[in-house]
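Trainee: coordinates for the following, if possible.
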Amino acid sequence: MKRLILISTIVVLSGCAPMIFTHPDKDQSDFNRDKYECTKIAEQSVCSRGACGNIFMMIDEIQQCLQLKFGWRAQR
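Mentor: Numbers count the residues shown, from 1 in each chain. Predicted coordinates for the structure are as follows:
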C-alpha cells in the first residue's frame with residue numbers, strides 16, 4: 001500500500017513540473033512574442049471547437065504551436 005501511495009505521489013508531482021521551452025537560436029523576447037501569437041491562435045482554435053475558455057485545451061494548443069510553428073522544444 002505504501003508503494004502505491006509513493007508511486008501515485010511521484011506521478012502527480014511530475015505532472016506539476018513547470019514546462020521549459022528552449023530554442024537554439026532564439027531568446028526570451030522571441031519566446032514571449034511567439035507565445036503571444038500562439039495564444040491568439042489557440043484561442044481561435046479552441047473556440048472554433050466550442051470550448052472557449054477551456055484552459056487545458058488552450059495549454060495543449062499553445063505548446064503544440066510553439067513546437068510545430070516556431071521550433072521551440074519542451075523540457076521538464
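Trainee: buried ones in the lengthiest helix in the chain?
Mentor: Secondary structure of the chain per DSSP state H: the longest helix is helix 28-48. Neighbour-count burial for helix 28-48, with 16 or more other Cβ atoms under 10 Å as criterion, is recorded at F31, D34, K35, C38, A42, S45, V46. Heads up, the C-betas are built off the backbone N, CA and C, glycines and all.
Trainee: and it, what does it pack against?
Mentor: helix 55-68 (3 or more Cβ pairs under 8 Å, 6 or more residues apart in numbering; DSSP states H and E).
Trainee: who's in contact with the helix it packs on?
Mentor: For helix 55-68, the surrounding residues in contact (Cβ atoms under 8 Å, 6 or more residues apart in numbering) are 19, 21, 34-35, 37-39, 41-43, 45-46, 49, 51, 72-74.
Trainee: name the residues that touch stretch 19-26?
Mentor: Contacts of stretch 19-26 (Cβ under 8 Å, 6+ apart): D30, F31, D34, Q63, L66, F70, G71, W72, R73, A74, Q75, R76.
Trainee: any chance of those in CSV, plus distance to F56 and pLDDT?
Mentor: CSV is the format used below for the contacts of stretch 19-26 (distance: Cβ to Cβ, whole Å; pLDDT from 0 to 100):
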residue, distance to F56, pLDDT
D30, 26, 98
F31, 21, 97
D34, 21, 98
Q63, 11, 96
L66, 16, 97
F70, 21, 97
G71, 24, 97
W72, 20, 97
R73, 21, 97
A74, 16, 93
Q75, 20, 90
R76, 17, 80
